[in-house]
Structures are given as structure tokens and as C-alpha cells.
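Q: Can you look at this prediction? I've put the sequence above it.
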Amino acid sequence: MSGNEHIIKLYERNIKDLQEQVNNAHKRIKVLSDENYILRRNSRIESDFGYDLTASDGWAEEPVENPDAPHIKRR
């Protein structure tokens, strides 16, 4: 086996390992997302975005940064 063939085989093995790791990570993310959904539902917790944003929330100064945004409650 020449040097180039050895490098190609090494790359192929690395790519296969990385693809397997990504696949396993996606499966784990799905499991954790499902568990999170169930726990939040059972605890009656709203989604992270289930509230109106106002300037008094601490992240924006008066006046509201984007008054045309429909999701921002005006005072």
C-alpha cells in the first residue's frame, strides 16, 4: 500500500467515525428534546418565548428598540 492509499484509508475511517458521532449526537439531542418537552409539559412551564417582551425586561432601554415588531407589547 502506497503512502497516498494509506492516507486515503485513514481519511475514510476518520470520516466514517465522525459521521457515526454526528448520528449519535442527533439521536441524543432528540431524546433530550423529548424529555425536556415532557418535563416542561408536566410542570406546566411555558416555552422560552411564551411571554411578551417589554422594555422593562432589562434587555432594552426605553423606548422599545423595534416598535414595529408585533411580538413586543407596547406600554
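A: Thanks, I have the structure now.

Q: So, low pLDDT: which residues of this protein?
A: For the chain, the stretches flagged by pLDDT under 70 are 44-75.

Q: How is it partitioned into domains?
A: Domain ranges of the chain: 3-44, 48-75, per automatic domain parsing.

Q: what does stretch 6-17 contact?
A: By Cβ atoms under 8 Å, 6 or more residues apart in numbering, the list of residues contacting stretch 6-17 from outside reads Met1. C-beta here means a position set from N, CA and C on the backbone, and glycine is covered the same way.

Q: Please save the CA atoms from it in CSV.
A: Output of stretch 6-17 as CSV, limited to C-alpha atoms (Å, rounded to 0.1, in the frame of the first residue of the first chain):
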residue,chain,number,x,y,z
HIS,A,6,-2.8,4.7,3.4
ILE,A,7,-3.8,8.4,3.9
ILE,A,8,-7.0,7.9,1.9
LYS,A,9,-7.9,4.8,4.0
LEU,A,10,-7.2,6.9,7.2
TYR,A,11,-9.4,9.7,6.0
GLU,A,12,-12.2,7.3,5.0
ARG,A,13,-12.0,5.8,8.5
ASN,A,14,-12.0,9.2,10.2
ILE,A,15,-15.0,10.3,8.1
LYS,A,16,-16.9,7.2,9.0
ASP,A,17,-16.1,7.7,12.7
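
Q: list the buried ones in that stretch?
A: When burial is assessed from 16 or more other Cβ atoms under 10 Å, stretch 6-17 yields no buried residues.
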